[in-house]
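Chemist: got a structure for you, letters missing:
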């Protein structure tokens, strides 16, 4: 198990090849005084030129937890293992996956294949477990409205952690649990949070004197119009570019629970 | 990682020719059979033959539901499913769902024909108050009355659509659930027809789940049931993702005790006693014909997105750009 320690740590996930949002996020984290930045997986998918995000993260030496997309691309699996059954979602997922696979350098694929499934983060003696989906599997969705406190408590008990930090769903949320513990989904920086705002979200986790580990949400505006233009140049679906421009998800909606689906436009 | 010991596994040395025995993983989903086998409809494909006069399983009291929810929470249950029979035949269904929503995400499986404005309004308020989603799974079997009513009974399509529109008007986005009883080649077309029908009825965010037919109960009479060799063998489970089997992460509360899964209510060995903690860990022999359907399709009872597919590394395939 890889271990990282810090006092104020930026946690972001779901880069989805959005290299412009990634650069803006890292700049914001540095400006906000984060002493570490850690990626919770899924470097590729959805966006243009996946090698760019890989290069930025590798050059900066940022620790990365393996996401389901990283795992699939790394191992050459036939799809992203998100588990869609809706034919429309499957069509877009296949377009995105094939593009990403074809445009990821074999050296980056090998690197993605060997990423660790989890990282333990120590913040002033408080232990946070970082993974992509859940501690059980990288492609398990932990949605805010579909995950009971009892289940989160069980995951924390079983892994001996004070905090559990995940991504995978693309929607940020956090919940305090008994015993000064916390569950945190950092959302995604690769696409907006399905709230009509094109900016993206990540979290800074820090130790607090008397409470559960402290979460500071950071919203990052970036040149989303430039990214959308690049996606169109690359021949990616117009629906993907629309999400980047409007802040509303247009695809891969089938897996959203009632509450999360009701908040979006589609 | 740290959770390997809570993953489902197979008993290591099954006797030759015996059905493989599954030791379940963590109890993720607790099902509550609140109206037993009592239903206002008598569908031709019901795998537990629910009907107005089927009292094989009876109603769960609100007190029993509350007790089981508390037990489920102590065991770390992730989500609750409320089913029957038809749950809206239960006189205290609103209170049952309100109570479940205090513990976690809750899904109710209904035929939609008994939904009334008062209870739906109360449930919309309860869902708004809760941190968790209240999901409605609404069962129909076709995009029009002709196809649906042939299986579910005369007039049921119109009444289910009234229920659908009532749910939509209160902000719910029901997951319309269809059993695949027709030709497999026509499935994409059936799916598209249902989506188009839902859009035409004002559903801007159509959600559709299709399920394989389970050829037991009434469906066995209708379709002829299973062949003798449609059984799960140890060989079929080599390299198989056991998380896809419903019984690897679920149990069902009935008025006659805890059952292994929502499908095998008519199987005597499906009864795992009265103690949920014990039943949640009880091994089960995958000896039933319906286990074959569960094995073949996987995750047949979960909501969409509820059971992630395997992330195997063995089967490296060609990705064609």
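Modeler: Structure received. Predicted model, so just to flag it, every value in this text is computed and none were measured.
Chemist: Can you show me the helices along the stretch 1-150 of chain A?
Modeler: Using DSSP state H, counting those that start in this stretch, the helices found in the stretch 1-150 of chain A span residues A:19-31, A:50-60, A:68-75, A:87-102, A:106-113, A:149-159.
Chemist: what angle sits between the second one and helix A:68-75?
Modeler: Yep, that's helix A:50-60 we're talking about. 100 degrees (axes from the mean of the first three to the mean of the last three Cα atoms, to 10 degrees).
Chemist: shaky segments in chain B?
Modeler: For chain B, the stretches flagged by pLDDT under 70 are B:1-2, B:14, B:307-309, B:311-321.
Chemist: how about a cut-off of 90?
Modeler: Within chain B, the stretches with pLDDT under 90 are B:1-6, B:12-18, B:180-189, B:210, B:235, B:238-239, B:297-302, B:304-321.
Chemist: Which residue ranges of it form helices?
Modeler: Remark: helices assigned in chain B by DSSP state H are B:62-74, B:93-101, B:117-129, B:145-152, B:156-169, B:187-200, B:218-223, B:276-281, B:289-297.
Chemist: now, of the helices of the stretch 1-150 of chain A, which is deepest in the fold?
Modeler: Highest mean neighbour count among the helices of the stretch 1-150 of chain A (mean count of other Cβ atoms under 10 Å in any protein chain shown): helix A:68-75, with a mean of 26. Every residue, glycine included, has its C-beta placed from N, CA and C.
Chemist: what about residue A:201, how many residues close to it?
Modeler: For residue A:201, the count of nearby residues is 22 (other Cβ atoms under 10 Å in any protein chain shown).
Chemist: Would you mind measuring the gap between the ends of stretch A:5-14?
Modeler: 22 Å (Cα to Cα, to the nearest Å).
Chemist: if we can go back for a sec, dump the helices of the stretch 1-150 of chain A into CSV; add mean pLDDT as well.
Modeler: As requested, these are arranged in CSV below (pLDDT from 0 to 100):
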stretch, mean pLDDT
helix A:19-31, 98
helix A:50-60, 98
helix A:68-75, 96
helix A:87-102, 92
helix A:106-113, 98
helix A:149-159, 97
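Chemist: I'd like to know which of those lies nearest to residue B:178.
Modeler: Taking Cβ to Cβ, helix A:87-102 is the member of these nearest to residue B:178, at 14.0 Å.
Chemist: chain center to the closest one, what's the gap?
Modeler: From the chain centre to the centre of helix A:87-102 is a distance of 18 Å (Cα atoms, centre = their mean, to the nearest Å).
Chemist: Check what contacts it and list those residues.
Modeler: The contact list for helix A:87-102, computed with Cβ atoms under 8 Å, 6 or more residues apart in numbering or on different chains, reads A:17, A:44-46, A:50, A:69, A:72-73, A:76, A:79-80, A:82, A:84, A:234-237, A:239-240, A:251-255, B:188, B:191-192, B:319-321.
Chemist: change it to 6 Å
Modeler: Helix A:87-102 is contacted by residues A:44-46, A:50, A:73, A:79-80, A:84, A:251-252, A:254, B:188, B:319, B:321 when judged by Cβ atoms under 6 Å, 6 or more residues apart in numbering or on different chains.
Chemist: now swap in stretch A:56-74 and tell me
Modeler: Residues outside stretch A:56-74 that contact it (Cβ under 6 Å, 6+ apart) are A:4, A:22, A:37-45, A:80-81, A:101, A:104, A:109, A:112-113, A:115, A:117, A:119, A:130-132, A:138-139, B:311.
Chemist: tell me which parts of the stretch 1-150 of chain A are close to chain B?
Modeler: Contact residues (Cβ under 6 Å from any Cβ of the partner chain) of the stretch 1-150 of chain A with chain B: A:71, A:75-76, A:78, A:81, A:83, A:87, A:98, A:101-102, A:118, A:135-137, A:139-141, A:145-146, A:148, A:150.
Chemist: ok, 7 Å please
Modeler: Within the stretch 1-150 of chain A, the positions adjacent to chain B are A:68, A:71, A:75-78, A:81, A:83, A:85, A:87, A:98, A:101-102, A:117-118, A:135-141, A:145-148, A:150 by Cβ under 7 Å from any Cβ of the partner chain.
Chemist: Buried ones from those, can you make that a PyMOL selection?
Modeler: To isolate the buried members of the residues of the stretch 1-150 of chain A next to chain B in PyMOL, using 16 or more other Cβ atoms under 10 Å in any protein chain shown:
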select buried, chain A and resi 68+71+75+77+78+81+83+101+117+118+135+136+137+138+139+140+141+145+146+147+148+150
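Chemist: Spit out the contact partners of the closest residue to residue A:129 other than its chain neighbours.
Modeler: Take residue A:129 and drop its neighbours on the chain: the residue closest to it by Cβ to Cβ, 6 or more residues apart in numbering or on different chains is residue A:161, 4.1 Å away. By Cβ atoms under 7 Å, 6 or more residues apart in numbering or on different chains, the contact set of residue A:161 is A:127, A:128, A:129.
Chemist: Which of those fall within strands?
Modeler: The strands, defined by DSSP state E, take in A:127, A:128, A:129 from those.
Chemist: Now list the buried members of those.
Modeler: Counted by 16+ other Cβ under 10 Å, those give A:127, A:128, A:129 as buried.
Chemist: What degree of burial does the residue nearest to residue B:86 when sequence neighbours are not counted show, as a neighbour count?
Modeler: In this structure, residue B:86 finds its nearest non-sequential neighbour in residue B:39, 4.4 Å apart by Cβ to Cβ, 6+ apart. Residues within reach of residue B:39, counting by other Cβ under 10 Å, total 24.
Chemist: From residue B:138, how far off is residue B:39?
Modeler: 14 Å (Cβ to Cβ, to the nearest Å).
Chemist: Equivalent analysis for residue B:310, please.
Modeler: Taking Cβ to Cβ, one finds residue B:310 at 29 Å from residue B:138.
Chemist: More neighbours: which of those two?
Modeler: Ranked by neighbour count (other Cβ under 10 Å), residue B:310 and residue B:138 place residue B:138 first, with 23 against 19.
Chemist: about what we covered before: now the residue nearest to residue B:86: how far from residue A:65?
Modeler: Residue B:39 is 47 Å from residue A:65, by Cβ to Cβ.
Chemist: same thing with residue A:175?
Modeler: 20 Å.
Chemist: what about the two, which has more around it?
Modeler: Comparing residue A:175 with residue A:65 by other Cβ under 10 Å, the one with more neighbours is residue A:65, at 27 against 15.
Chemist: ok, which stretches of the chain are strands?
Modeler: Here I'm looking at chain A. A:2-6, A:8-12, A:36-39, A:118-123, A:126-131, A:163-166, A:173-177, A:181-185, A:200-206, A:214-220.
Chemist: hm, I was asking about chain B
Modeler: Assigned by DSSP E, chain B shows strands spanning B:9-10, B:21-23, B:29-33, B:79-83, B:106-110, B:134-139, B:175-180, B:207-212, B:250-254, B:257-259, B:284-285.
Chemist: which strands and helices sit next to the first one?
Modeler: Read that as strand B:9-10. On a contact count with 3 or more Cβ pairs under 7 Å, 6 or more residues apart in numbering or on different chains; DSSP states H and E, strand B:9-10 meets strand B:21-23.
Chemist: Partner strands of the strand it packs on and their direction?
Modeler: strand B:9-10 (antiparallel), strand B:284-285 (antiparallel) (DSSP bridges).
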